[in-house]
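**Q** sequence-free structure coming up:
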């Protein structure tokens, strides 16, 4: 099987204000072969979409090389097309005109591009909607237009950036099956698909190989060959075993927490809502009080994907409310204590473990106690995070720590003065 794309030691750095840099991709190397579907799998924000844009030639890496059919990619290359997450249609153009865009850019004669566009529209199930405008279409139909626009140029490599994530479950499932059916109709196909997703089941359902990424920065944690024939039974033991393997890959090693003096963090706080954390602990305490339970089972039972589930399990692990390893999770004694406590005592337990395990929370709390007026500017805390977090990540982390601090009644935040203040100074 011939190689279409080669990635070698890709490194991407985004520049922040001043001289600060944010490493997003680090030492990424793999090949894309003819006729295969590859899923790039990892949590949101880990750099998958950035990597896809590097492959497409839309942005350049700082070091390393992308080669397509033996030639270095330095700009968008004929033969590589991309489907975006949010449709990216021209609202003033009809379905037919949107699909024709790529062919028009390639200089295809009008009669030929009209015929090819109509064929592509029919192929993705939108025959009859040629004259409709995007605002007249549902989300699933608009995404079909985006896919038709990509397919009509007959690309060697189709890049898809979470193409189903903005759709409802039934629409996404239908579109996923239709794309796979189109793909399987040609057994002699030499074209390839590279799909970005954070849905493990989706990756196992579609792909021939899954490349699993770590975060901050994105590195390759593992590459999994998926040797199951299509159509795949998502409930078969073989399929579930592959899903378990991915969960194990993504949870075996944990990013070490910083020492308390390293208050600039060096790690991100997962975005987890208190009520969801409490709900998950209640379920674990009630249904699995004394044994580990695998994460795929929890995800299936609660209909959660990895971006919904992993932040919750990470926070439970960070706070010592649960132990997470090898794709399993089990409540600790502290987690069971929290789950069985009343509202007031839950706040006290949460406060205790928040201060013990999250350096940023303790730093803010200690600083407020030291200051005579028991106040501290948000700007001052933000400056402590600048070394290792982007501006948007600083805002996100401070939003999370504010929510947790309020729930624990350790400190509050005044949005008008942009200051943290001690909840109970006395």
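**A** Ah, there it is. Everything numeric here is computed off the predicted structure, so don't read it as measured data.

**Q** From now on I want contacts and neighbour counts done on CA atoms only, so please keep to that.
**A** OK.

**Q** which residue ranges form the strands in the stretch 251-400 of the chain?
**A** 293-294, 322-325, 328-331, 375-377 (DSSP state E, counting those that start in this stretch).

**Q** List of residues touching the lowest-mean-pLDDT helix or strand in the chain?
**A** Ranking every helix and strand in the chain by mean pLDDT, DSSP states H and E puts helix 169-184 at the bottom, with a mean of 80. Residues from elsewhere that reach helix 169-184, judged by C-alpha atoms under 8 Å, 6 or more residues apart in numbering: 124, 140, 144, 164, 165, 189, 206.

**Q** ok, 10 Å please
**A** 35-37, 123-125, 138-141, 143-144, 147, 163-167, 189, 191-193, 202, 205-207, 230-231 (C-alpha atoms under 10 Å, 6 or more residues apart in numbering).

**Q** pretty sure residue 330 is touching residue 293, no?
**A** Yes - contact between residue 330 and residue 293 holds when scored by C-alpha atoms under 10 Å: they sit 6.5 Å apart.

**Q** how much space between the closest residue to residue 125 other than its chain neighbours and residue 331?
**A** Nearest residue to residue 125, sequence neighbours excluded (C-alpha to C-alpha, 6 or more residues apart in numbering): residue 144, at 8.0 Å. As defined by C-alpha to C-alpha, to the nearest Å, residue 144 lies at a distance of 43 Å from residue 331.

**Q** residues contacting the residue nearest to residue 125?
**A** So residue 144 contacts 83, 87, 95, 120-121, 123-126, 138, 150, 163, 175, 178-179 (C-alpha under 10 Å, 6+ apart).

**Q** now swap in residue 223 and tell me
**A** 30, 39, 40, 41, 209, 210, 211, 212, 213, 246, 249.

**Q** Tell me the secondary structure at the first one.
**A** Looking back up the chat, that one is residue 30. Look at residue 30: counting by DSSP: H, G, I helix; E, B strand; the rest coil, its state is strand.

**Q** dump the residue contacts of it.
**A** Neighbour list for residue 30: 5, 6, 7, 8, 9, 10, 66, 211, 220, 223 [criterion: C-alpha under 10 Å, 6+ apart].

**Q** now, the most widely separated pair of those residues?
**A** With C-alpha to C-alpha as the measure, no two of the contacts of residue 30 lie farther apart than 66 and 223, at 18.6 Å.

**Q** Comparing residue 330 and residue 293, which residue is more hemmed in?
**A** residue 330 (26 against 18; other C-alpha atoms under 10 Å).

**Q** where does the residue nearest to residue 67 when sequence neighbours are not counted land in three-state SS?
**A** Nearest residue to residue 67, sequence neighbours excluded (C-alpha to C-alpha, 6+ apart): residue 6, at 5.1 Å. Classification of residue 6 using three-state DSSP returns strand.

**Q** about what we covered before: just the pLDDT for the residue nearest to residue 125.
**A** In this model, residue 144 is scored at 85, pLDDT.

**Q** Which secondary structure element is home to it?
**A** For residue 144, the host element (DSSP states H and E) is helix 139-151.

**Q** what separates that helix from the chain centre, distance-wise?
**A** 21 Å (C-alpha atoms, centre = their mean, to the nearest Å).

**Q** Next, the angle from it to helix 169-184.
**A** Orientation check (axes from the mean of the first three to the mean of the last three C-alpha atoms, to 10 degrees): helix 139-151 against helix 169-184 gives 20 degrees.

**Q** List the buried residues of stretch 9-29.
**A** For stretch 9-29, the neighbour count (16 or more other C-alpha atoms under 10 Å) marks 9, 10, 11, 12, 13, 22, 24, 25, 26, 27, 28, 29 as buried.

**Q** residues in contact with that stretch?
**A** 6-8, 30, 45-48, 50-51, 54-55, 59-66, 213-220, 386-391.

**Q** Leaving out sequence neighbours, find the closest residue to residue 345.
**A** Spatial nearest neighbour of residue 345, chain neighbours left out: residue 338 (7.8 Å); criterion: C-alpha to C-alpha, 6+ apart.

**Q** residues contacting the one you found?
**A** 278, 281, 282, 285, 321, 332, 345, 346, 347, 348, 349, 350.

**Q** For residue 28, list each beta-bridge partner.
**A** Note on residue 28: beta-bridge partners residue 10, judged by DSSP bridges.

**Q** err, residue 32, not the other one
**A** Per DSSP bridges, residues listed as beta-bridge partners of residue 32: residue 5.
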